[in-house]
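Chemist: Pasting a predicted model and its sequence here:
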Amino acid sequence: MMPSVAMADGMVVDKVYHPYVLPLEREVEWRLLSRQSDQGNILAQRLGLGWSLTETMTVEGYAIGERDQDDNFDMAAYEAEVRWQLVEQGRYWADWGLLFEYEKRHKESAYEATVGLLFEKEFGRNSLTLNAFIVREWGEMVSNEWESEFRAQYRYRWMSAFQPAFEVYTGEDFVGVGPAVIGLHRFQGQKQLKWEVGFVTELSQVSKDHSVRLALEFEF
């Protein structure tokens, strides 16, 4: 039987968030996660639309789709996200931000709220990004519980279009590591296209558990 994708079960691998907000930014984002284990394959996609509320705060809404046990791909959840840049980039020894998320499962009594601390430090062409999350789940279809997650990304900014990286993801009974590549292409004005590809291998279990993640983000 193919595993189902509960809110935080199997979804620890997703995205390492940076604490920055561009003034007056608008963005369209698409993300895909394919997780292969001995129990089957989990496939999830999300499509988001975001815009800045102020020079330091942006909000984004997502529609999340997942493939079910009958190989049908359908709407699974909705999510609202707020990202807040706390300090001016480069002003202090490191850059900080906060992330707030609220998720509701489609047609189910299942909810999730997340608060996260975002950290980034640049030294030369190197960047270290850290995310620490506290997650609360509740509802009739999920256990009422608290969870924590941690994500890290080391990135070498070799060139805008090709930035090799190494990522770490940890959550409840999950520790995964793997390589990634990040790219950025700038157009005229504030328009730019970001892309990410990552491969994560789970280390805390003996059985096979690999995840591939893709992301495209167009800012305008």
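Modeler: Nice, I can see it.
Chemist: Report the buried residues of stretch 180-200.
Modeler: Taking 16 or more other CB atoms under 10 Å as the neighbour-count basis, stretch 180-200 is seen to contain the buried residues 180, 182, 184, 192, 194, 196, 198-200. All C-beta spots, glycine's among them, are computed from the backbone N, C-alpha and C.
Chemist: Export these as JSON lines, with columns for pLDDT.
Modeler: Listed next are the buried residues of stretch 180-200 as JSON lines, based on pLDDT from 0 to 100:
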{"residue": "180", "pLDDT": "98"}
{"residue": "182", "pLDDT": "98"}
{"residue": "184", "pLDDT": "96"}
{"residue": "192", "pLDDT": "95"}
{"residue": "194", "pLDDT": "97"}
{"residue": "196", "pLDDT": "98"}
{"residue": "198", "pLDDT": "98"}
{"residue": "199", "pLDDT": "98"}
{"residue": "200", "pLDDT": "97"}
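Chemist: Can I get those in JSON lines including secondary structure and distance to residue 218?
Modeler: Formatted as JSON lines, the buried residues of stretch 180-200 follow (DSSP: H, G, I helix; E, B strand; the rest coil; distance: CB to CB, whole Å):
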{"residue": "180", "secondary structure": "strand", "distance to residue 218": "19"}
{"residue": "182", "secondary structure": "strand", "distance to residue 218": "15"}
{"residue": "184", "secondary structure": "strand", "distance to residue 218": "11"}
{"residue": "192", "secondary structure": "strand", "distance to residue 218": "8"}
{"residue": "194", "secondary structure": "strand", "distance to residue 218": "8"}
{"residue": "196", "secondary structure": "strand", "distance to residue 218": "13"}
{"residue": "198", "secondary structure": "strand", "distance to residue 218": "19"}
{"residue": "199", "secondary structure": "strand", "distance to residue 218": "23"}
{"residue": "200", "secondary structure": "strand", "distance to residue 218": "24"}
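Chemist: roughly how far apart are residue 220 and residue 174?
Modeler: Plainly put, residue 220 is 35 Å away from residue 174 if you go by CB to CB, to the nearest Å.
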